[in-house]
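Student: Let me see the structure of the following:
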Amino acid sequence: MGKLKEFFERKDIVISGKRYGVDALGAMAQGLFCSLLIGTIIKTLGIQLKLGFLTDIGTYAMAVSGPAMAVAIGYALKASPMVLFSLAAVGWAANAEGGAGGPLAVLIIAIIAAEFGKAVSKETKVDILVTPGVTIIVGVALAKLIAPPIGSAARAFGALIDHATNLQPFWMGIAVSVLVGIALTLPISSAAICSVLGLTGLAGGAAVAGCCAQMVGFAVMSFRENRWGGLVSQGLGTSMLQMGNIVKNPRIWLPPILTSAITGPIATCLFGLQMNGAEINSGMGTCGLCGPIGVWTGWLAPGETALSTGAVAIVPGVMDWLGLLLVCIVLPAVLCWLFGLLLRKIGWIREGDLTLN
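Tutor: Prediction:
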């Protein structure tokens, strides 16, 4: 055991929840953002503006989501260049074999392939053959063997959430909104979780509501401490910036959580807000306005997952735009500010509790 531990330390193979569940998952979301998400936005713009070259650019970007995710995961695991480059093939295979649930398959298989590649890297005189060979063979073999059932299981669970939300839009609207919103502020990737589960439709709309409640809520609630810089960094960046303050005083998290519990069912029951764009948008909130943009792209050109569940393109009306504006911006800003004001008055939130360092 001692020798194995020493070998793992030398190879920087760290088997831990943080390395795989936080670092790798967060990196996977970035890989998705830089391929599927941005590609979807560009393609939708190309279709709407009737610019063929933009449509082609977006299509090409979307096509490499598997390799982008795998390479990003390898980067988070501190893989050597040879392993990193080999993961492109692994990501393509895992995403293709995993079907609609490809992102989860890529996450699991890319982690395993990267660690095997790291283990053999620079251990032989023919490293240029051994390292990419082991990484690709292990990864693609696993993709052929386990990616289909992994993808099916992830998609089935996501479909279950979507079906439950359609059956019980009020209670599931609260649950999905609160839980995905909390995941967004925690140091894990809500975007990757939504992508792995294929969260679209009403459930995706509730997820968007919860994420926006956290980001816009914290941005507005902490305006007196952080002014315009804090408004932009949290409202268009990430509410994760408040995690240090949450650890010091968990009560500051109550206003955004309560807000998400209100905006979630408003999204599902009152406006029937559906997020039918790329699944990753469901967990992005107002980060770069990706959540609202996902709803917009889903109106005009639903993604593959949404299409498989019966989504169709629509011409958004006044109620659609009103619902999007209220759920994503106005209600989070007003409700969270009011809840924050109440907690300040009773002393649960003190001056400086929300200040960003």
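Student: quick one: the helices in the stretch 151-300 of the chain?
Tutor: Secondary structure of the stretch 151-300 of the chain (DSSP state H, counting those that start in this stretch): helices at 169-185, 190-197, 201-221, 223-232, 243-248, 254-265, 290-300.
Student: So which elements touch the first one?
Tutor: Looking back up the chat, that one is helix 169-185. Counting contacts by 3 or more CB pairs under 8 Å, 6 or more residues apart in numbering; DSSP states H and E, helix 169-185 packs against helix 127-167, helix 190-197, helix 201-221, helix 254-265. For glycine as for every other residue, the C-beta is placed from the backbone atoms N, C-alpha and C.
Student: got the angle for the longest one vs helix 190-197?
Tutor: Per axes from the mean of the first three to the mean of the last three CA atoms, to 10 degrees, the angle that helix 127-167 makes with helix 190-197 is 80 degrees.
Student: now swap in the third one and tell me
Tutor: For helix 201-221 and helix 190-197, the angle between their directions (the same axes, to 10 degrees) works out to 180 degrees.
Student: Show me how far stretch 123-135 is from its chain's centre.
Tutor: 34 Å (CA atoms, centre = their mean, to the nearest Å).
Student: make that stretch 115-129, sorry
Tutor: 32 Å.
Student: Now do the buried residues in it.
Tutor: The neighbour-count check on stretch 115-129 (16 or more other CB atoms under 10 Å) flags 115-121 as buried.
Student: so how far is Gly74 from Phe85?
Tutor: 9 Å (CB to CB, to the nearest Å).
Student: So for the two, which sits in the more crowded spot?
Tutor: More neighbours surround Gly74 than the other of Phe85 and Gly74, with 31 against 16 (other CB atoms under 10 Å).
Student: Quick one: residues contacting that one.
Tutor: By CB atoms under 8 Å, 6 or more residues apart in numbering, Gly74 lies in contact with 83-84, 87, 110, 114, 117.
Student: Could you do Pro148 as well?
Tutor: 97-99.
Student: Among these, which ones are in helices?
Tutor: When DSSP state H is applied, the contacts of Pro148 are split such that 97-98 fall in helices.
Student: tell me what the worst-scoring helix or strand of the chain on mean pLDDT is packed against?
Tutor: Least confident helix or strand, the chain: helix 38-49 with a mean of 83, by mean pLDDT, DSSP states H and E. Contact partners of helix 38-49 among helices and strands, from 3+ CB pairs under 8 Å, 6+ apart: helix 52-63, helix 290-300.
Student: Just send the ones you listed back as TSV, with mean neighbour count, mean pLDDT and distance to Ala219 too.
Tutor: Below are the helices and strands packed on helix 38-49 laid out as TSV (neighbours: other CB atoms under 10 Å; pLDDT from 0 to 100; distance: least, CB to CB, whole Å):
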stretch	mean neighbour count	mean pLDDT	distance to Ala219
helix 52-63	16	92	29
helix 290-300	25	92	14
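Student: thinking again about what came up before, out of the buried residues of stretch 115-129, name the ones that lie in strands.
Tutor: Assignment to strands by DSSP state E places none of these there.
Student: coming back round to it: can you pick the most crowded of the contacts of Gly74?
Tutor: Busiest of those [other CB under 10 Å] is Ala110, holding 34 neighbours.
Student: Next, the angle from the helix or strand hosting it to helix 190-197.
Tutor: According to DSSP states H and E, Ala110 maps onto helix 102-120. Per the same axes, to 10 degrees, the angle that helix 102-120 makes with helix 190-197 is 110 degrees.
Student: Kindly export helix 102-120 (C-alpha atoms) in CSV.
Tutor: This file holds the C-alpha atoms of helix 102-120, laid out as CSV (Å, rounded to 0.1, in the frame of the first residue of the first chain):
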residue,chain,number,x,y,z
GLY,A,102,-23.3,11.7,-23.2
PRO,A,103,-22.0,14.4,-20.7
LEU,A,104,-22.2,12.0,-17.7
ALA,A,105,-20.5,9.3,-19.8
VAL,A,106,-17.8,11.7,-20.8
LEU,A,107,-17.3,12.8,-17.2
ILE,A,108,-16.8,9.2,-15.8
ILE,A,109,-14.9,7.8,-18.7
ALA,A,110,-12.6,10.8,-19.2
ILE,A,111,-11.6,10.7,-15.5
ILE,A,112,-10.7,7.0,-15.7
ALA,A,113,-8.8,7.3,-19.0
ALA,A,114,-6.9,10.4,-17.8
GLU,A,115,-5.8,8.7,-14.6
PHE,A,116,-4.6,5.6,-16.6
GLY,A,117,-2.8,7.8,-19.0
LYS,A,118,-1.1,9.7,-16.1
ALA,A,119,-0.1,6.5,-14.5
VAL,A,120,1.9,5.3,-17.6
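Student: Run through the neighbouring helices and strands of it.
Tutor: helix 2-11, helix 25-32, helix 65-76, helix 81-98, helix 127-167, helix 190-197.
Student: and among the ones you listed, the most buried is which?
Tutor: Counting by mean count of other CB atoms under 10 Å, helix 190-197 has the highest mean neighbour count of the helices and strands packed on helix 102-120, with a mean of 30.
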